[in-house]
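Enquirer: dropping a prediction and its sequence here:
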Amino acid sequence: MRAILTGGGTGGHIYPALAIARGLQQHFPRTEILYVGTNRGLEADIVPKAHFPFQAITVSGLARKISLANLQVLWQAWQGYREAGRIIKKFQPDIVIGTGGYVCGPVVMAAARLGIPTLIHEQNALPGITNRILSRFVDLVAVTFEDSRRYFSGKARVKLTGLPIRPEILQARRSEALGSLNLSREKLTLLVFGGSRGARKINQAMIEVIKRYGNHPQVQVLHATGQAGYREFLQELSSQSIVLDKYVNIIVKPYLYNMHEALAAADLVVSRAGAATLAELTALGLPAILIPYPYAAENHQEYNARALADRGAAVLIKDAELTGRRLVESIDAVINRPDKRQDMARASQNLGRPEALRDIIKCVEEILPRP
Ligand SMILES: CC(=O)N[C@H]1[C@@H](OP(=O)(O)OP(=O)(O)OC[C@H]2O[C@@H](n3ccc(=O)[nH]c3=O)[C@H](O)[C@@H]2O)O[C@H](CO)[C@@H](O)[C@@H]1O
């Protein structure tokens, strides 16, 4: 089996593609994967670190308004389409799979034109523009939410699968993860991150959390600031005379490349409400405090977060209402109450779809030509 995976920009598009790549490797003997992305997206960093071959093409996203810059974008899309065509002809894939983000457009389109089986996966209830267009040309559209069916072209074959998560996330073991992260086995672990690019607002609120939990005897904190916010966060700590080295129980990193271990170690998670993150939290049955990013297209993160909060799996704090104090109070209210944590964990687990990857592999089998 030879497969090209494409999807990019943010982690929310990349990790589902990596999950599918791993699923293909586990299911089909001698699978060869090629990941096609852009050099500007997070995929150029994440994919090689996940040990998959990576090739870049030149494309960029359309501005929402009509502008001269868009002419250049269209020219680049044409270039990208030709580059993708060359890559596909050389690699000779049996299937091309896209998980959203503008890089998918030229790659999946070129594959469809060359008669190669194509599948796209949509992570959000409100589908992205690239996937909406591609749905007219591909063999199958796999969706996370039943709701998104109606946004795709009438002709598209749409299947509900859920959002595939990386197999290592389901396989990681807590005690090994704690060891490899240098965390204590005796303390509760609070995992904090703001989506794949980090969240400045959450980082700001974390200052109070660090003051509250620094050297706490029962709680430890693992906080990923996002690559772009790391320096600023350290500066903010030092301007408030907070010396991280004095706290044995607080670990701050720019990015977690070993999220499977971080999630396995976690007892409570504080994060944004991107679709991939929520699929991971619910597949593991983790309780969470969610602060949806308010500027995501049509406020979809708030809808994502409500799906969990309404069923008791998460506490929702609106971004506009987030302060250090509010975050500390919310964490206190969950972390010190094992019964509440357990109820939230059960509710979270009820929403999980750990079989999504298996269902996508079934979709792949359906569209491959019979041997
Ligand atoms: C601002 C915005 O529009 N965000 C969108 C983007 O979010 P974003 O890219 O943040 O995606 P998600 O929250 O869905 O997923 C983040 C992914 O990054 C991983 N991770 C994160 C931090 C880290 O240090 N290490 C790490 O591995 C998480 O485990 C997860 O797999 O794509 C999602 C899926 O299309 C959408 O639902 C989000 O609304």
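Expert: Everything's here; your move.
Enquirer: near the ligand at all, the helix or strand hosting Gly105?
Expert: Assigned by DSSP states H and E, Gly105 falls within helix 104-113. No. Helix 104-113 lies out of reach of the ligand by CB under 6 Å from any ligand atom, never closer than 11.8 Å. In this view, the C-beta of every residue, glycine as well, is placed from N, C-alpha and C.
Enquirer: contacting residues around the residue of the stretch 51-200 of the chain found nearest the ligand?
Expert: Across the stretch 51-200 of the chain, the shortest distance to the ligand (CB to the nearest ligand atom) belongs to Gly195, at 2.6 Å. Shown in contact with Gly195 (CB atoms under 8 Å, 6 or more residues apart in numbering): 10-12, 226, 271-272, 274, 277, 293.
Enquirer: so Leu126 touches Ser148, yeah?
Expert: Yes. Assessed by CB atoms under 8 Å, Leu126 is found in contact with Ser148 at 6.9 Å.
Enquirer: the two - which one has more neighbours?
Expert: With neighbours defined as other CB atoms under 10 Å, Leu126 and Ser148 compare such that Ser148 has more, 20 against 16.
Enquirer: the more buried one falls within a helix, correct?
Expert: Yes. Assessed by DSSP: H, G, I helix; E, B strand; the rest coil, Ser148 belongs to a helix.
Enquirer: so what's it up against?
Expert: Going by CB under 8 Å, 6+ apart, Ser148 touches 122, 124-127.
Enquirer: so which of those residues wins on neighbours?
Expert: Most surrounded of these: other CB under 10 Å gives Glu122, at 30 neighbours.
Enquirer: quickly note the distance from that one to Val158.
Expert: 9 Å (CB to CB, to the nearest Å).
Enquirer: how far out from the middle of the chain is stretch 325-340?
Expert: Distance of stretch 325-340 from its chain centroid, counting by CA atoms, centre = their mean, to the nearest Å, is 25 Å.
Enquirer: oh sorry, the question was meant for stretch 150-164
Expert: For stretch 150-164, the separation from the chain centroid amounts to 19 Å (computed by CA atoms, centre = their mean).
Enquirer: close to the ligand, is it?
Expert: No. Stretch 150-164 does not reach the ligand (CB under 6 Å from any ligand atom); its nearest approach is 8.2 Å.
Enquirer: whichever strand or helix holds Gln72 packs against which elements?
Expert: Taking DSSP H and E as the definition, Gln72 sits inside helix 68-91. Counting contacts by 3 or more CB pairs under 8 Å, 6 or more residues apart in numbering; DSSP states H and E, helix 68-91 is packed against strand 2-6, strand 32-37, helix 104-113.
Enquirer: packing partners of the longest one?
Expert: Counting contacts by 3+ CB pairs under 8 Å, 6+ apart, helix 104-113 packs against strand 2-6, helix 68-91, strand 95-98, strand 118-122, helix 129-134.
Enquirer: and with 10 Å instead?
Expert: Helix 104-113 sits against strand 2-6, strand 32-37, helix 68-91, strand 95-98, strand 118-122, helix 129-134, with contacts defined as 3 or more CB pairs under 10 Å, 6 or more residues apart in numbering; DSSP states H and E.
Enquirer: compute the inter-axis angle for that helix and helix 68-91.
Expert: 40 degrees (axes from the mean of the first three to the mean of the last three CA atoms, to 10 degrees).
Enquirer: and what of the shortest one?
Expert: Orientation note: strand 2-6 sits at an angle of 170 degrees relative to helix 68-91 (the same axes, to 10 degrees).
Enquirer: buried stuff in stretch 335-349?
Expert: Within stretch 335-349, the residues scored as buried using 16 or more other CB atoms under 10 Å are 335, 341, 344-345, 347-349.
Enquirer: so what sits against both of Glu122 and Val158?
Expert: Common neighbours of Glu122 and Val158, using CB atoms under 10 Å, 6 or more residues apart in numbering, are 135, 141-143, 148-149, 151-152.
Enquirer: could you look up the SS state of the most centrally placed residue in the chain?
Expert: Closest residue to the average C-alpha location of the chain: Gly12 at 3.2 Å, with CA atoms, centre = their mean. Secondary structure assignment for Gly12 (three-state DSSP): helix.
Enquirer: wait, isn't it in contact with Ala297?
Expert: No. Gly12 is beyond contact range of Ala297, at 11.7 Å (criterion: CB atoms under 10 Å).
Enquirer: can you work out which residues contact both of these two?
Expert: With CB under 10 Å, 6+ apart as the test, Gly12 and Ala297 both reach 124, 128.
Enquirer: flag the shaky bits of this structure, pLDDT-wise.
Expert: The model of the chain has pLDDT under 70 over residues 62-67.
Enquirer: can you redo the contacts of Gly195 as a markdown table with distance to the ligand?
Expert: A markdown table is the format used below for the contacts of Gly195 (distance: CB to the nearest ligand atom, whole Å):
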| residue | distance to the ligand |
| --- | --- |
| Thr10 | 3 |
| Gly11 | 3 |
| Gly12 | 2 |
| Gly226 | 7 |
| Ser271 | 7 |
| Arg272 | 6 |
| Gly274 | 2 |
| Thr277 | 4 |
| Tyr293 | 5 |
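Enquirer: between those residues, which is nearest Val315?
Expert: The closest of those to Val315 turns out to be Ser271 (CB to CB; 11.7 Å).
Enquirer: show me the contacts for the closest one.
Expert: Ser271 is in contact with 191-195, 199, 202, 224, 277-278, 280-281, 286, 288-292, 305, 314, counting by CB under 10 Å, 6+ apart.
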